[in-house]
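>>> Using only what follows, build the 3D model:
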Amino acid sequence: MMRLAVVGCGAIAESFHLPALRAMGAEEVSVVLVDPDLARARELGRKFGLAEVASSHREVAEELDGAVLCTPHHLHVPIARDLVQAGVGVLSEKPLATNVADVEALRDLSESTGVPVAVNQTRRFIPACREIRRLLHSGELGRIEAVEMAEGDRFGWPAATPSMFGAAAGGKGVLLDIGVHALDLATWWFGSELALDGYRDDSFGGSEAAVRSRFRFGEATLSLRLSWLAKQPNRYTIRGEGGMITWNVYDLDRIGISRKPGDRMRVQPIPGAPGSFADLAPLVLGDFLNSLRTGSRPAVSAGDVLPAMRLIEACYARRERADMPWHDFTLDPSHVT
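Presented below is the predicted three-dimensional model:
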């Protein structure tokens with residue numbers, strides 16, 4: 001039986017990881033809940049039939065086989081470092097870190113110790129995303145010409161802390177939240193040669209809530225639009241010289257495809273796909289547990305997320321203000337009554 005800690009008792013632990021761990025059964029996995037707010041940990045424990053709680057990962061590290069990190073972003077690396085040094089494998093929520101240097105250091109620590117660090121880039125487990133990767137690598141679309149990614153909605157995640165916003169987030173926002181999903185898929189599909197061509201957001205020094213950016217790979221362009229403020233198409237479009245693929249980000253079991261330029265798009269179902277995002281959790285956790293048992297490389301390791309993190313860091317380094325024409329006006333005093 002594996003001994004796991006779930007570190008951080010917020011929304012992702014409650015809605016994604018703990019239901020899957022409960023379904024695995026106590027005979028397969030023993031779970032301790034870790035949160036500095038012990039009342040929150042106990043409340044979640046009652047919901048899932050878990051009696052053991054702790055206020056810090058350090059209290060239980062010596063008795064663990066692995067840990068699932070569901071804490072705010074900036075805590076992933078320091079907690080993971082402690083655990084890996086203690087020989088405890090880690091599955092971290094995304095983003096693994098807030099900067100490239102921390103990801104590189106954690107990758108090096110994992111490789112030197114042989115202790116796995118996995119990252120929950122959930123979309124790599126989505127059958128539709130895997131089928132898109134297969135089609136792209138098969139060359140069926142020919143040379144890729146343009147990719148469009150537009151994603152977002154009014155922010156509604158039931159976060160337990162304000163750590164994703166403002167100073168607590170280091171002035172980072174939707175790019176580090178939704179963007180890490182989009183750019184991880186982009187680098188997984190098209191390779192790490194993507195290069196930044198331009199980046200704009202709406203930040204005035206705090207967390208950005210709307211993003212427009214451009215990237216290039218070979219002769220192709222990739223445009224990315226993200227928002228926490230308004231509903232986007234939530235659709236990815238990949239245009240090649242020999243056809244086109246579309247994917248709606250909530251569709252786990254289907255893609256749109258035309259295999260010749262000008263042909264009508266048709267729906268291609270993906271058999272055996274899960275019914276919801278929560279149904280992906282057993283796949284993510286099963287892969288992690290397998291890496292703990294066998295020493296195999298997890299599906300998404302610390303090194304695997306580096307290409308996307310490098311693009312995100314490049315975006316923030318070249319940050320420009322998006323056009324906001326409503327700020328460029330002069331109030332005529334004669335109009336004030």
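>>> Tell me if I'm right that P282 and A20 touch.
Yes - in this structure, P282 is within contact of A20 by C-beta atoms under 8 Å, at 4.8 Å. Yep, even glycine has a C-beta here, placed from its N, CA and C like the rest.
>>> Quick check, G152 in contact with I178.
Yes - shown here, G152 and I178 form a contact pair, counting by C-beta under 8 Å, at 6.0 Å.
>>> Now list whatever residues contact both of these two.
Counting by C-beta atoms under 8 Å, 6 or more residues apart in numbering, the residues touching both G152 and I178 are L226, W228.
>>> Helices of the protein, residue ranges please.
11-12, 18-24, 38-48, 76-85, 100-113, 127-138, 174-177, 179-190, 281-294, 306-317 (DSSP state H).
>>> Adding mean pLDDT, mean neighbour count and distance to L91, write those helices out as JSON lines.
Listed next are the helices of the chain as JSON lines, based on pLDDT from 0 to 100; neighbours: other C-beta atoms under 10 Å; distance: least, C-beta to C-beta, whole Å:
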{"stretch": "helix 11-12", "mean pLDDT": "95", "mean neighbour count": "18", "distance to L91": "11"}
{"stretch": "helix 18-24", "mean pLDDT": "92", "mean neighbour count": "18", "distance to L91": "11"}
{"stretch": "helix 38-48", "mean pLDDT": "97", "mean neighbour count": "16", "distance to L91": "17"}
{"stretch": "helix 76-85", "mean pLDDT": "98", "mean neighbour count": "21", "distance to L91": "10"}
{"stretch": "helix 100-113", "mean pLDDT": "98", "mean neighbour count": "17", "distance to L91": "12"}
{"stretch": "helix 127-138", "mean pLDDT": "97", "mean neighbour count": "17", "distance to L91": "19"}
{"stretch": "helix 174-177", "mean pLDDT": "96", "mean neighbour count": "24", "distance to L91": "19"}
{"stretch": "helix 179-190", "mean pLDDT": "98", "mean neighbour count": "23", "distance to L91": "15"}
{"stretch": "helix 281-294", "mean pLDDT": "96", "mean neighbour count": "19", "distance to L91": "4"}
{"stretch": "helix 306-317", "mean pLDDT": "98", "mean neighbour count": "20", "distance to L91": "17"}
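>>> right, and the ones you listed - which one's nearest C70?
Nearest of the helices of the chain to C70, taken as C-beta to C-beta: helix 11-12 at 5.0 Å.
>>> what's next to the closest one, contact-wise?
Residues from elsewhere that reach helix 11-12, judged by C-beta under 8 Å, 6+ apart: C70, E93, W157, P158, A159, A160.
>>> next one: stretch 157-177
9-11, 40, 72-74, 95, 98, 152, 201, 203, 205-211, 226-228, 312, 315-316.
>>> Okay, now the unreliable bits of the stretch 151-300 of the chain?
For the stretch 151-300 of the chain, applying pLDDT under 70 flags no range at all.
>>> which residues of it fall in strands?
195-201, 210-217, 220-227, 235-240, 243-248, 254-258, 266-269 (DSSP state E, counting those that start in this stretch).
>>> which secondary structure elements does the last one contact?
Judged by 3 or more C-beta pairs under 8 Å, 6 or more residues apart in numbering; DSSP states H and E, the packing partners of strand 266-269 are strand 254-258.
>>> For the strand it packs on, name the packing helices and strands.
So strand 254-258, by 3+ C-beta pairs under 8 Å, 6+ apart, packs with helix 127-138, strand 243-248, strand 266-269.
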